[in-house]
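K.L.:
here is a sequence with its predicted model. Questions after.
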Amino acid sequence: MSMLIDPDLLFPAETRIRSIARDLYAGVKNLPLISPHGHTDPRWYALNEPFPDPARLLIVPDHYIFRMLFSQGVRLEDLGVPTLDGSPFEADGRKIWRLFAENYHLFRGTPTRIWLDYVFSDLFGIAEPLSVQTADAHYDSIASLLQTDGYRPRALFERFNIEAIATTDGALDDLKWHAMIRDSGWKGRVVTAYRPDSVVDPDFEGFRENLDRLGEMTGCDTGSWRGYLDSHRSRRAFFKSFGATSTDHGHPTAETANLSTAAAEELFNRIWAGSEDERERRLFRAQMLTEMAKMSLDDGLVLQIHPGSWRNHSPSMLKRFGRDKGFDIPTRTDYVTALKPLLDAVGTEPDLSVIVFTLDETSYARELAPLAGVYPALRLGPAWWFHDSPEGMRRFREMTTETAGFYNTVGFNDDTRAFPSIPARHDVARRVDCAFLARLVSEHRLREDEAHELAHELAYTLAKKAYRL
Amino acid sequence: MSMLIDPDLLFPAETRIRSIARDLYAGVKNLPLISPHGHTDPRWYALNEPFPDPARLLIVPDHYIFRMLFSQGVRLEDLGVPTLDGSPFEADGRKIWRLFAENYHLFRGTPTRIWLDYVFSDLFGIAEPLSVQTADAHYDSIASLLQTDGYRPRALFERFNIEAIATTDGALDDLKWHAMIRDSGWKGRVVTAYRPDSVVDPDFEGFRENLDRLGEMTGCDTGSWRGYLDSHRSRRAFFKSFGATSTDHGHPTAETANLSTAAAEELFNRIWAGSEDERERRLFRAQMLTEMAKMSLDDGLVLQIHPGSWRNHSPSMLKRFGRDKGFDIPTRTDYVTALKPLLDAVGTEPDLSVIVFTLDETSYARELAPLAGVYPALRLGPAWWFHDSPEGMRRFREMTTETAGFYNTVGFNDDTRAFPSIPARHDVARRVDCAFLARLVSEHRLREDEAHELAHELAYTLAKKAYRL
Amino acid sequence: MSMLIDPDLLFPAETRIRSIARDLYAGVKNLPLISPHGHTDPRWYALNEPFPDPARLLIVPDHYIFRMLFSQGVRLEDLGVPTLDGSPFEADGRKIWRLFAENYHLFRGTPTRIWLDYVFSDLFGIAEPLSVQTADAHYDSIASLLQTDGYRPRALFERFNIEAIATTDGALDDLKWHAMIRDSGWKGRVVTAYRPDSVVDPDFEGFRENLDRLGEMTGCDTGSWRGYLDSHRSRRAFFKSFGATSTDHGHPTAETANLSTAAAEELFNRIWAGSEDERERRLFRAQMLTEMAKMSLDDGLVLQIHPGSWRNHSPSMLKRFGRDKGFDIPTRTDYVTALKPLLDAVGTEPDLSVIVFTLDETSYARELAPLAGVYPALRLGPAWWFHDSPEGMRRFREMTTETAGFYNTVGFNDDTRAFPSIPARHDVARRVDCAFLARLVSEHRLREDEAHELAHELAYTLAKKAYRL
């Protein structure tokens, strides 16, 4: 590691705690990465082409970065974010990079700063902090390395010591990149995950056409409830054949339902006929989570629920730049009432694995830890999104461990499109967990041998077990 | 204290803070225990029979333990939890104990682990950690000690240095065990507390019959509003004659009401006639909290409200195993609106003492501390249930002290059925409070002499004063 | 600084962190004070008369103090708080002071205690802790100093090194004290801020007459929507001529609306006619926030929103003592939905500055930091009111920095009527921020040179820039 990242990064200053944390970290820092939930593009691994210039690799696609710059008055167009209406946006990577460098101080105290410094130093061997003065030199260093074979996707995958990574693919995806990876003979383990939002959420753009397409792909009658469910079973099996071990659901709330077959069928018919109202659309989404859980009992896929984001909060930005431009805002999220129908149906099944995430950390101690601490089907996903940060991860452990223990959590998810930052993110999680364990040891709440075991579980084993990878 | 519990347990590692914490703790660790709110069985003290085997004493009745094991796939039947439908459950204490020992790692990082290690080492003199290897030896050690006179309930009560303990008894209880204790001449102070849920909550099983029974017991006409209130007054007086200094109310929410006498009477008549709806049942519970507060103004009993638990969240588990099997889940709880009617009625009375608990720690800084920091009738109950834990207690102090001060809190409640763990729980609370005070001293926010005074208040005096014991 | 305040006050005990915190603090402790949001009385600076006796200066007007004493059974009458019904209240400052001194232990662990000790020692040169024994001596020392010229308002203003202070004045205020200050030739910078609650909130006492008065003052037709808006523009310009750089809005919720002109006009007409209902009153308040934001785009005034307080929670205390007697209680506050109409209208304007405060810290990480971290018009006000405290400020930084960064926050506001405590409050904020930065440095999350820059920003520059002072 180079000068931008201190070996003691994120370890508490107190001598005894730091010393224990160092020991724990030494035991896990080189473990392979399990990345069971993410958004890297399978095309990268399939084609193995060089990544584009530094700005287009690191700035333009990273909403953590451009949202912060935008909040301080920088225009997205000037950061190279493409407009939908054809109005101009910056195409010169170096100009984008300079603008970014000029504003790098805005990231002080954020995880983005840590991830980027890690990438600069660890991946690109840079020793000087990014600034207006160093911007060009950094750009040149990174750009030239990106042209070398050692920085192509597969080489990075191997350098990053990734044991398995999951992409997330829509239910209608043909998985051709996954097929190409498989057929290529390359040994990197890239699996898919089944994300059926487009055929489960009646509010999704093109929902009705998506159902038709789903019918075509599976040969099922997606105009009937039974056929519709069968089409999911069929796609799940197809995704499993490309290594999928999980499904993934990004509903606005954690609401679930457990209707009788007759009531579910009637609801589906109204949806199919397009005669449903808002309440019924919500109910349908809710019912489908329970249906997915029941299918998971049959086929063993792990069910992931990550509710509570108000997507595309600004309509004018959505119109100008499209989805996923940093305007997804967390909302207060209930779990105790919302998950009850699903839990009533399948919550006590020890063979089912439902992993719940949250953006509302007030639910950690009050709802999620008490629920996961008793229902065998439930596990807690890691501190996620805005909470994928040192303070967020610390609060997650402080607010869940005493009630749910460590073993009802599932290790770390990087959940990212930003491929180069994956090692940095796992490293931060490992450091924060080691720091937390070190505090428990220093306060005699845990023995040191136990902490070593737990550090290993949190860094590696729990994710592997929970996701059946 | 033996090898399983370090003398510095729970003290921050930083040298100066730890040193201050040690000093503070040395001044309070041997103070007698005040246990003003709990659920030990008065029968134990009355009959003074030996406790059963280790599993039936420590595992089977402790929902903290079996809920965690269940969450990881262990069946409650295998832990000896009795079924309601007559299906078999494990009766061999040693087998239960082994299953528990095998899974003891699940409790790492939880308060249960600290309490149990404390009990093993401090009460049973065990020096080796519990594991598959040591399970049988531990079982034998504990089992044989439980047969000795020194481990009978009264001997433990004295060994634990309990100055006063409150049990909680239903309004219809005849308090015969309390009578037997009193008549026995034994000097241990065991008092009762008045818990009238069964005759205050129209949703309670057998509510209507309970009112009849209440009428019989008191000679009051419980079919009239006036007579019904009189019957409560009568029972409260009866409970006071057995030392009660408090009443205890476990409503689903903190909702209170302050109806006119005429409106309250009409509401009661509808309830009595069984013609009320859900809204009226809620309103009746709400009104009764205010009635209880008014009675407290007359008879001096302290009113305890601990809302916010969704009891028996899983219907299938309720059906199979009955109530209180670890499926009580916290819910978001409002106080500012909910308590207003009661506070409007009696909140500024300095002679009234209403103690409010919460399972929703988001209300500490936002609602409870601001309310208790101004209404003379209001006090904050300690970090409770899932928050009866080192991190939970620390957050309680961090989030309430600056607004409500220390003197609007009431010391510690163990709130437990798990008699052997009572000293451990008080010890944890004392340690955490000393650690908090030590931090304030180290940051020059408090003088050391003040911290010593406060440590004494938090460990002993505040509970005694608040509960008038 | 004297013996009551340690030079290391509020710095973490850990040696390295403390050492860094000291260095950072040394660089900012003597920076001038920017006080952009407060409630000191402009009359003080205009007339420059001596302050009254110690009790009437420090106890009687400070709701933090008398609410805590009241919560422990001390009557407000005995603390000199005037009654509205003419019933007697204590007029003897020394008696009030003694009662306060007797109960000074109640403030242990609260920010009030720190502020007061700071005032006693730093302003009045007192070295002994306040107690029953020292009460009279303290009273005498303070009383005699208050009679000297060096303790008159302007002298204190200068001694406090205040670079600029804002008062808050109602829309109908004639700003005569501000005029007198300006005309006096005194160089102290005292500006006003526009607080239009009385002419924006239909629930405000005398709202309809206030509109008439507003019409008279501005020559606008406040009976028409257009004229009403013009009258605001006129008053805003008038306030700007007395240095105002901001407006201030204390709505019960953060609700905003963005009606069409026609709909807004119709709503206004119903309000004017007095035929509106509760929902329309809410909608009008909501709409007016957006109108104010639009005017801010034109005239550059910064818009401050501080919702979420249930004012005068106790009706009996309101009746007896009037408004603002410590019975303002925080409530759960939503921002993501509530602010959306305003943000849809003007949220992406980089030239607009909307500063949002909260009393509900559960919104920091979940709502406020994500919103401020993307909308250029939005900034986060500091930890406020009950959170204007060491723990509250620390949690504010811990829960907002990683998502919103430091640069979307606006430094410190003292928001106080308690003039003598202003330096103490700023000092506490500077210390807490330096301690937070020191921790980041010690964990290698920030370089020391960056921390020095940030300490300066947080103590001085950010407030100046955000409030355009």
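P.N.:
Arrived safely. Given the structure is predicted, the values throughout are model-derived calculations rather than measurements. Residues are numbered from 1 along each chain as shown, chains lettered A, B, ... in the order given.
K.L.:
please make it C-alpha for all contacts and neighbour counts, starting now.
P.N.:
OK.
K.L.:
can you give me the end-to-end distance of stretch A:445-461?
P.N.:
Start-to-end span of stretch A:445-461 (Cα to Cα, to the nearest Å) is 22 Å.
K.L.:
can you give me the buried ones in it?
P.N.:
A:445-448, A:451-452, A:454-461 (16 or more other Cα atoms under 10 Å in any protein chain shown).
K.L.:
and the gap between the residue of chain A most remote from its centre and A:Phe268?
P.N.:
Ranked by distance from the centre of chain A (Cα atoms, centre = their mean), the top residue is A:Ala262, with 35.6 Å. Here the criterion is Cα to Cα. By it, A:Ala262 lies 10 Å from A:Phe268.
K.L.:
ok, A:Val432 next?
P.N.:
46 Å.
K.L.:
mind checking which of those two has more residues around it?
P.N.:
Between A:Val432 and A:Phe268, counting by other Cα atoms under 10 Å in any protein chain shown, A:Val432 is the more crowded of the two (25 against 22).
K.L.:
are we agreed that that one is in a helix?
P.N.:
Yes - counting by DSSP: H, G, I helix; E, B strand; the rest coil, A:Val432 is found in a helix.
K.L.:
now for A:Asp203: which residues touch it?
P.N.:
A:Arg281 (Cα atoms under 8 Å, 6 or more residues apart in numbering or on different chains).
K.L.:
quick check, stretch A:367-381 touching chain B?
P.N.:
Yes - interface with chain B: stretch A:367-381 contributes A:Glu367, A:Pro370, A:Leu371, A:Ala372, A:Gly373, A:Val374, A:Tyr375, A:Pro376, A:Ala377, A:Leu378 (Cα under 8 Å from any Cα of the partner chain).
K.L.:
go through these and name the one nearest chain C.
P.N.:
Among the residues of stretch A:367-381 next to chain B, A:Glu367 lies closest to chain C (Cα to the nearest Cα), at 14.6 Å.
K.L.:
in the stretch 51-200 of chain A, which spans are strands?
P.N.:
A:162-166, A:169-170, A:190-191, A:194-195 (DSSP state E, counting those that start in this stretch).
K.L.:
which residues does A:Ile181 contact?
P.N.:
Contacts of A:Ile181 by Cα under 8 Å, 6+ apart are A:Tyr45, A:Ala46, A:Val190.
K.L.:
quick check: the gap between it and chain B.
P.N.:
36 Å (Cα to the nearest Cα, to the nearest Å).
K.L.:
what do you get for A:Gly326?
P.N.:
27 Å.
K.L.:
just checking, that residue touches A:Val60?
P.N.:
No - taking contacts as Cα atoms under 8 Å, A:Gly326 lies outside contact range of A:Val60: 11.8 Å.
K.L.:
more neighbours, these two?
P.N.:
A:Gly326 (24 against 19).
K.L.:
tell me the secondary structure of that one, please.
P.N.:
A:Gly326 ends up coil, using three-state DSSP.
K.L.:
and it, how far is that from B:Arg195?
P.N.:
The gap separating A:Gly326 from B:Arg195 is 52 Å, by Cα to Cα.
K.L.:
around chain B, which positions in the stretch 351-469 of chain A sit nearby?
P.N.:
Taking Cα under 8 Å from any Cα, the part of the stretch 351-469 of chain A that reaches chain B is made up of A:362, A:365-367, A:370-378, A:398-399, A:401-408, A:439-440, A:442-446.
K.L.:
so where's chain A shaky on pLDDT?
P.N.:
Applying pLDDT under 70 to chain A flags the ranges A:1-2.
K.L.:
try 80
P.N.:
A:1-3 (pLDDT under 80).
K.L.:
what is the burial count for whatever residue of the stretch 201-350 of chain A ends up closest to chain B?
P.N.:
Going by Cα to the nearest Cα, chain B is nearest to A:Pro350 of the stretch 201-350 of chain A, at 5.1 Å. A:Pro350 sits with 18 neighbouring residues when counted by other Cα under 10 Å.
K.L.:
export the buried residues of stretch A:445-461 as CSV, with columns for secondary structure and distance to C:Thr148.
P.N.:
Output for those, formatted as CSV (DSSP: H, G, I helix; E, B strand; the rest coil; distance: Cα to Cα, whole Å):
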residue, secondary structure, distance to C:Thr148
A:Arg445, coil, 58
A:Leu446, coil, 61
A:Arg447, coil, 63
A:Glu448, helix, 64
A:Ala451, helix, 64
A:His452, helix, 66
A:Leu454, helix, 66
A:Ala455, helix, 65
A:His456, helix, 68
A:Glu457, helix, 69
A:Leu458, helix, 66
A:Ala459, helix, 67
A:Tyr460, helix, 70
A:Thr461, helix, 72
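K.L.:
enumerate the residues of chain A near chain B.
P.N.:
Counting by Cα under 8 Å from any Cα, chain A sits next to chain B at A:14, A:16-17, A:336, A:340, A:343-344, A:350, A:362, A:365-367, A:370-378, A:398-399, A:401-408, A:439-440, A:442-446.
K.L.:
from those, which land in strands?
P.N.:
Cross-referencing those against strands under DSSP state E gives A:Leu378.
K.L.:
any idea how far chain C is from A:Ala429?
P.N.:
14 Å.
K.L.:
that residue: which element?
P.N.:
Using DSSP states H and E, A:Ala429 sits in helix A:422-442.
K.L.:
ok now do A:Asp85, which residues does it touch?
P.N.:
By Cα under 8 Å, 6+ apart, the contact set of A:Asp85 is A:Arg320.
K.L.:
now do stretch A:49-60: everything it contacts.
P.N.:
A:65-66, A:79-81, A:93-94, A:96-97, A:100, A:139, A:142-143, A:146-149, A:151-153, A:418.
K.L.:
which of the strands of the stretch 51-200 of chain A sits closest to B:Leu33?
P.N.:
For those, the distance to B:Leu33 is smallest for strand A:162-166, at 54.0 Å, taking Cα to Cα.
K.L.:
from A:Tyr118, how far out is A:Ala127?
P.N.:
Taking Cα to Cα, one finds A:Ala127 at 10 Å from A:Tyr118.
K.L.:
mind checking how far the closest residue to A:Phe204 other than its chain neighbours is from A:Arg285?
P.N.:
Residue nearest to A:Phe204 in three dimensions, not counting chain neighbours: A:Ser198, with 5.6 Å by Cα to Cα, 6 or more residues apart in numbering or on different chains. Applying Cα to Cα, the value for A:Ser198 to A:Arg285 is 11 Å.
K.L.:
quick one: which of these two has more around it?
P.N.:
Per other Cα under 10 Å, whichever of A:Ser198 and A:Arg285 has more neighbours is A:Arg285, with 24 against 19.
K.L.:
which helix or which strand is home to that one?
P.N.:
helix A:278-299.
K.L.:
put the alpha carbons of the very next helix or strand once past that helix into CSV.
P.N.:
Sequence-wise, the next helix or strand downstream of helix A:278-299 (DSSP H and E) is strand A:302-305. C-alpha atoms of strand A:302-305 as CSV (Å, rounded to 0.1, in the frame of the first residue of the first chain):
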residue,chain,number,x,y,z
VAL,A,302,-31.5,-16.6,-1.5
LEU,A,303,-34.1,-13.7,-1.4
GLN,A,304,-32.7,-10.2,-1.1
ILE,A,305,-35.0,-7.3,-0.2
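K.L.:
still on that earlier bit, which one of the buried residues of stretch A:445-461 is nearest chain C?
P.N.:
Looking across those and measuring by Cα to the nearest Cα, the closest to chain C is A:Ala455, at 19.5 Å.
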